Structure formats: structure tokens, C-alpha cells
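*Asks:* Return atomic coordinates for the entry below.
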Amino acid sequence: MWRRRYVLLSALALAICTVSAYFLFMRPGIPECRATVRVTSQLKDATLQRILLVSVVPEGARQATILLNGSFYSNGVRYNVDRALVVDYQRRGSYYNMQIKESRRNPQDSVASEMLSSLLPVAGQQLHLRVEQLDKHHYLFVNNYSPSFVCTSSR
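*Replies:* Down below sits the predicted model:
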């Protein structure tokens, strides 16, 4: 009788530890979502406009891929942006410290200017974001003190 209780309690404790380990280590912390971002910047001699589709795709518990697709407009010239950023992140509550491991330029990317390329994230750069869930399908990404974009998930 006592042995049976110990076996059941041990099995229950093992099941609780397994479920806890899954939620702690395996479940992605960052939401899978998409957003359209439009930014206009006034520089000394030019007006720069960015229109980007940002797709956040979690890959495991501590890594994600951020896909950037869209256009840069500078002095009437259009440049295509098609990049994939592989990031490692650490989550602390709703705050994410992201380290960009790799910035892949796809063949359709036509941004050649150093000035324009410096406006996009590069390998080695750190990003500090706060992600807040607004409702079931919407997440607010905040960069330091200002909102960056509202991301929509389909799940």
C-alpha cells in the first residue's frame, strides 16, 4: 500500500517537472507575428522613407528569425529590402534582450549604399525590446521609450 503511494507520488512529481521544464526551456517566448512598418526620416539633404513588412518567426526557446521585406525611398530612388535576421534572445518578463547573430541579404536586396544599410540591423548589434500582449492576436513591440510597431498573429 505504502509502496504504491510512493510510486504514484514519484510519477506525479516527474510529470510536473517535465511540464515545468517544457514551459521554462522549450516553449518559444516571442510571439510569431507580422507587422507593416512605415517610417519617414528627415536627413540633412534628403527625405528617407521605409516601408517594411516585419515577420517574427520563433525557432525554439531562445532563437528567432526576423524577416524584413519592403522598400527604401531616398531622393526619388527605390531600393528593395529583403533580409533575414537570426537573433538569440533572453527573456526577462516582458523584456527581450536580442543579439543579432546573422544578417542575411537575399538576392532581391538592392540596398548598396552604406548610409542606407546603416539604418538596418547588422550582425553583432543588440536590441532591447519590450513585448506586450494587447489582446488575443495583437502584440505591441516597444523600443526603449517609444512603440516600434503592433504585430498581429494568426494563432
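*Asks:* use CA for all of it now, contacts and neighbours both
*Replies:* Will do.
*Asks:* And the closest residue in space to residue 128 that isn't next to it in sequence, which helix or strand is it part of?
*Replies:* The shortest distance from residue 128 to any non-neighbouring residue, by C-alpha to C-alpha, 6 or more residues apart in numbering, is to residue 97 (4.8 Å). Here residue 97 sits within strand 95-105, counting by DSSP states H and E.
*Asks:* Tell me who's in contact with the residue nearest the centre of the chain.
*Replies:* For the chain, the residue lying nearest the average C-alpha position, counting by C-alpha atoms, centre = their mean, turns out to be residue 56 (4.6 Å). The contact partners of residue 56, by C-alpha atoms under 8 Å, 6 or more residues apart in numbering, come to 31-34, 64-67.
*Asks:* Okay, now the unreliable bits of this structure?
*Replies:* For the chain, the stretches with pLDDT under 70 are 23-28.
*Asks:* From residue 110, how far out is the residue nearest to residue 128?
*Replies:* Taking C-alpha to C-alpha, to the nearest Å as the criterion, residue 97 is separated from residue 110 by 29 Å.
*Asks:* Packing partners of the lengthiest strand in the chain?
*Replies:* Within the chain, and with DSSP state E defining each element, the longest strand by residue count is strand 77-92. Using 3 or more C-alpha pairs under 8 Å, 6 or more residues apart in numbering; DSSP states H and E, the elements in contact with strand 77-92 are strand 63-74, strand 95-105.
*Asks:* Please identify the pairing partners of it and their relative orientation?
*Replies:* Looking at strand 77-92 with DSSP bridges, its partner strands are strand 63-74 (antiparallel), strand 95-105 (antiparallel).
*Asks:* Just say helix, strand or coil for residue 36.
*Replies:* strand (DSSP: H, G, I helix; E, B strand; the rest coil).
*Asks:* Over to residue 57?
*Replies:* strand.
*Asks:* returning to what we had before: any idea which of the contacts of residue 56 is closest to residue 138?
*Replies:* Residue 138 has its nearest neighbour among the contacts of residue 56 in residue 33, at 8.3 Å by C-alpha to C-alpha.
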